[in-house]
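Colleague: When you get a sec, could you give me coordinates for this:
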Amino acid sequence: MSEKLTMVERVRLAHCFRKAIRRRRWVIDCHTVARIAYLTLKRLGFDPEVYTGYVVTFAQRLRVEHTWVEFDGYVVETNPSQIFSLPFPALIMRKDFWEQTVDVIWSRRIEESEMWVLVTQRGREMMEEVAEEIVRCYKKYGVGHG
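Modeller: This next block holds a predicted model:
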């Protein structure tokens, strides 16, 4: 999909992520949120790519292992509390802005098959349920691409 998200759509999608993820105490890290974001974006008709690597946090300038999702010129920041010291489970940012604020030391793209290697079948089912809830929330407000 090549159509860009509007600011309203990005805010709505981030709201739906926050709403669905905050209700689940087991969603606690960027790796899990990245998987959920990947599933959600695929359902919405996008072609997301998952990356993992080492970044320097914006707020505290710490080197950390991190996983994030890129799609159509945007980044799903999957752990804003760690990277930016912001109390959100996910942010959707323009990629150029994300690259200006996050120092990537090293990264590589993760193939879809790699994402699920260490995840149990039940774990994947739970992530699929969260992704479906996010999509329903997003589409409920009359915006979306799918």
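
Colleague: Any buried residues in the longest helix seen in the chain, and which?
Modeller: Scanning the chain for the helix with the most residues, using DSSP state H, yields helix 121-140. Within helix 121-140, the residues that count as buried by 16 or more other C-beta atoms under 10 Å are 126-127, 130-131, 133-135, 137-139. The C-beta positions use only the backbone N, C-alpha and C, and glycine is treated the same way.

Colleague: Could you list the low-pLDDT ranges of this structure?
Modeller: Within the chain, the segments meeting pLDDT under 70 span 1-3, 142-146.

Colleague: So which residues of it form helices?
Modeller: Counting by DSSP H, the helices of the chain are 7-22, 30-43, 80-83, 95-101, 112-115, 121-140.

Colleague: export these to JSON lines and tack on distance to Glu70?
Modeller: Shown next, in JSON lines, are these (distance: least, C-beta to C-beta, whole Å):
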{"stretch": "helix 7-22", "distance to Glu70": "14"}
{"stretch": "helix 30-43", "distance to Glu70": "10"}
{"stretch": "helix 80-83", "distance to Glu70": "15"}
{"stretch": "helix 95-101", "distance to Glu70": "6"}
{"stretch": "helix 112-115", "distance to Glu70": "14"}
{"stretch": "helix 121-140", "distance to Glu70": "17"}
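
Colleague: now what about the longest helix of the chain, what contacts it?
Modeller: Under the criterion C-beta atoms under 8 Å, 6 or more residues apart in numbering, residues 12-13, 15-17, 19-21, 24, 26-27, 32, 35-36, 39-40, 43-44, 116, 119, 144, 146 lie in contact with helix 121-140.

Colleague: Just the buried subset of these, please.
Modeller: So, by 16+ other C-beta under 10 Å, the buried ones in those are 12-13, 15-17, 20-21, 24, 27, 32, 35-36, 39-40, 43-44, 144.

Colleague: rewinding a little: of all the helices of the chain, which one comes closest to Trp68?
Modeller: Trp68 lies closest, by C-beta to C-beta, to one member of those: helix 30-43, at 6.3 Å.

Colleague: Give the other helices and strands that the closest one contacts.
Modeller: helix 7-22, strand 49-56, strand 63-71, strand 74-77, helix 112-115, helix 121-140 (3 or more C-beta pairs under 8 Å, 6 or more residues apart in numbering; DSSP states H and E).
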